[in-house]
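Visitor: my questions are about this predicted structure, shown below with the sequence.
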Amino acid sequence: MKNRITPVIIAAIRKDTTFLLTKRIHLDPEDKKLYHGPWQLPGGGLEFRESPEQTLYREIKEEVGVEIKIIRLIPKIYTEVRKNWQGIFIVYVCKMVDESALIKLNEEASEYGWFTLSEALKLKTLPRIIEMIGDVFTL
């Protein structure tokens with residue numbers, strides 16, 4: 001199997017001291033134990049000819065049905081390697097344009113919630129999610 005590197009654009013959507021997390025539905029065929037049902041920050045893969053910002057706006061609209069405003073880029077690149085796949089994660093701190101807008105999940109997630117960092121520490125999350133949320137406050 002050929003090695004793959006995928007740029008993934010992530011939104012750390014903040015409301016006061018909480019972050020929007022979604023609970024992933026999709027199984028990862030490469031690692032079913034780790035990647036079934038964990039919580040994650042919304043986002044997705046960079047498509048050809050898209051800027052990271054375009055990817056972010058598109059993915060958030062598709063996954064949670066809201067419009068966001070980018071506050072800032074976290075000045076750190078995160079990586080995660082799984083078998084023949086390597087994700088390169090670029091994270092933006094964002095807020096919802098309309099903080100009273102209803103979250104409308106697509107087929108990728110079963111539920112969502114707003115969690116503080118300390119609450120997120122108690123959840124089963126994808127690798128690097130806690131680090132990303134923590135870096136919102138420190139970087």
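Guide: Sure, I can see it. Numbers count the residues shown, from 1 in each chain.

Visitor: which one's the longest helix in this structure?
Guide: Ranked by residue count, the top helix of the chain under DSSP state H comes out as helix 52-64.

Visitor: which strands and helices lie in contact with that helix?
Guide: Here helix 52-64 touches strand 4-15, strand 18-24, strand 43-45, strand 68-82, strand 85-96, strand 109-115, going by 3 or more CB pairs under 8 Å, 6 or more residues apart in numbering; DSSP states H and E. Quick note: C-beta positions are derived from backbone N, CA and C, even for glycine.

Visitor: out of these, which gets nearest to Asp135?
Guide: strand 68-82 (5.4 Å; CB to CB).

Visitor: quick one: average pLDDT of stretch 117-126?
Guide: Stretch 117-126 shows a mean pLDDT of 96.

Visitor: give the buried residues for the longest helix of the chain.
Guide: 52, 55-57, 59-60, 63-64 (16 or more other CB atoms under 10 Å).

Visitor: can I get those in a markdown table with distance to Leu20?
Guide: Shown next, in a markdown table, are the buried residues of helix 52-64 (distance: CB to CB, whole Å):
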| residue | distance to Leu20 |
| --- | --- |
| Pro52 | 19 |
| Thr55 | 17 |
| Leu56 | 13 |
| Tyr57 | 15 |
| Glu59 | 13 |
| Ile60 | 9 |
| Glu63 | 10 |
| Val64 | 7 |
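
Visitor: from these, which is closest to Ile70?
Guide: Of the buried residues of helix 52-64, the one sitting nearest to Ile70 (CB to CB) turns out to be Leu56, at 7.0 Å.

Visitor: the closest one reaches Pro7, doesn't it?
Guide: No. Checked against CB atoms under 8 Å, the pair Leu56 and Pro7 is beyond contact range at 11.5 Å.

Visitor: report the set of residues contacting both of those two.
Guide: Counting by CB atoms under 8 Å, 6 or more residues apart in numbering, Leu56 and Pro7 have no contacts in common.

Visitor: other residues contacting the longest helix of the chain?
Guide: Contacts of helix 52-64 (CB under 8 Å, 6+ apart): 7, 9, 11, 13, 20, 22, 42-47, 50, 66-68, 70, 90, 92, 94, 103-106, 108-109, 112.

Visitor: fine by me, thanks again.
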